[in-house]
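Engineer: What follows is a predicted structure for the sequence shown.
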Amino acid sequence: MTSHGDLPVPEQGLLLTHFLTVRDVAVSRRFYADVFRGEVVMEENPAIVKVANSWIIMNPGGGPTPDKPDVTLEAPRSGERVSGFLNVRVADMDAFYAHAVAKGARFLTEPLDRASEVRCYLRDPDGYLIEVGQSTGLLKGILAAPPTNA
């Protein structure tokens, strides 16, 4: 059993967690614990991994429930189009990247210097996109170049 302090239960106000619908809870739980050095605070129903000052909550998909009557939860079908992603900020991109690769994480590219930050993307076992970035130039007032229209 976990202590109250490990669970995402605010004593006042609110806190933000991120819920993922996953195909295999054990695989996803292990990914977030290993790659992001998270602490598993609940194994299942739901699985909860505390990562830094946040929590990733994972459960399998399912059909509508009384409090979400027209909603079905499912893991992503395709990784080609996304409408949202997890954004992780790190203090040392080189150290994080080396650790994550050693733990089996597969990145879309190596970290790229974008003037305001160094960043790269990876996918979790279900295909969710995760951006990992380290602010560099942004700390000196250097902003990223605006996106170009292709």
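Structural biologist: Received the coordinates, thanks.
Engineer: only C-alpha atoms for contact and neighbour calcs from this point on.
Structural biologist: Noted.
Engineer: Pull the number of nearby residues for the closest residue to Ala144 other than its chain neighbours.
Structural biologist: In space, and not counting its chain neighbours, Ala144 is closest to Ser116: 5.0 Å by CA to CA, 6 or more residues apart in numbering. Ser116: 19 surrounding residues under other CA atoms under 10 Å.
Engineer: Mind listing the residues bridging to the residue positioned nearest the centre of the chain?
Structural biologist: Nearest to the geometric centre of the chain sits Leu86, at 4.2 Å (CA atoms, centre = their mean). Beta bridges link Leu86 to Ile130 when assigned by DSSP bridges.
Engineer: Hmm, Asp124 and it touching each other?
Structural biologist: No. The criterion here is CA atoms under 8 Å, and Leu86 misses it with Asp124 at 10.3 Å.
Engineer: overlap in contacts of those two?
Structural biologist: Contact criterion CA atoms under 8 Å, 6 or more residues apart in numbering; residues shared by Leu86 and Asp124: Ile130.
Engineer: What segments of the protein are helices?
Structural biologist: In the chain, the helices defined using DSSP state H lie at 25-35, 93-102.
Engineer: who's in contact with Arg79?
Structural biologist: One thing to correct before we go on: residue 79 is Gly, not Arg. 127-129.
Engineer: if I look at it, how far off is Gly141?
Structural biologist: Separation of Gly79 from Gly141 (CA to CA, to the nearest Å): 33 Å.
Engineer: and what of Val41?
Structural biologist: For Val41, the distance to Gly141 - CA to CA - is 38 Å.
Engineer: same question, Gly13
Structural biologist: Distance, Gly13 to Gly141, by CA to CA: 32 Å.
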